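Trainee: Sequence and predicted structure, then a few things I'm wondering about:
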Amino acid sequence: MFGKRGFLVPWIASSVLMYGLSYVWHGLALTDLQDLRIPLPLYLALSGLVYLIIGMAITFLVHQAIAYEWVSLKRAFPLMSALLGAAVGFVVFLLVYILGMSFAKSGAVHVVIDALWQMLEQGLGGLMVSLGVIYDMHRRFMENERAH
């Protein structure tokens, strides 16, 4: 259904946004990057790779939801993509929490805030995917109009 541009633009846009939000949250707001047990450049490289994978997963899921008509492009598409991203964020949070890789300190409040932040971050990634899909559809429309 969608070409390379229809996948790459939303994927990269969502990955960059989520990576940036993660850095702002952990590096500037919480300042917990200084507590890392691995070198900062290695952490940044690995988290960049992880966000590329998460962005790819969200982009793939949004495209599948469109293809199987689980979401409509005509009704609340950006919201549905954001909700799909938030669901992915919850799964990511569960994996990180279960594997013990969370930045969150012990305590229920920290765990809940960490879960909500992860869902917000991936939800905004899903929103970026929807905006990338809309952009691609607009570009295709304009290219077809110029061709005729």
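Mentor: Sure thing, it's come through.
Trainee: what residue ranges in this structure score low on pLDDT?
Mentor: 1-3, 103-106 (pLDDT under 70).
Trainee: mind listing the helices for it?
Mentor: Taking DSSP state H as the criterion, the chain contains helices spanning 4-23, 40-67, 77-98, 108-147.
Trainee: any chance of those in CSV, plus distance to Leu33 and mean neighbour count?
Mentor: Glycine gets a C-beta too; all of them are placed from N, C-alpha and C. Output for those, formatted as CSV (distance: least, C-beta to C-beta, whole Å; neighbours: other C-beta atoms under 10 Å):
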stretch, distance to Leu33, mean neighbour count
helix 4-23, 8, 19
helix 40-67, 6, 17
helix 77-98, 16, 19
helix 108-147, 15, 17
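Trainee: Would you format those helices as JSON lines with distance to Asp32 included?
Mentor: Formatted as JSON lines, those follow (distance: least, C-beta to C-beta, whole Å):
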{"stretch": "helix 4-23", "distance to Asp32": "11"}
{"stretch": "helix 40-67", "distance to Asp32": "11"}
{"stretch": "helix 77-98", "distance to Asp32": "14"}
{"stretch": "helix 108-147", "distance to Asp32": "11"}
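Trainee: of all those helices, which lies closest to Thr31?
Mentor: Nearest to Thr31 among these is helix 4-23; the distance by C-beta to C-beta comes to 11.6 Å.
Trainee: So what touches that closest one?
Mentor: By C-beta atoms under 8 Å, 6 or more residues apart in numbering, the list of residues contacting helix 4-23 from outside reads 44, 47-48, 51-52, 54-56, 58-59, 62-63, 85, 121-122, 124-126, 128-133, 135-136, 139.
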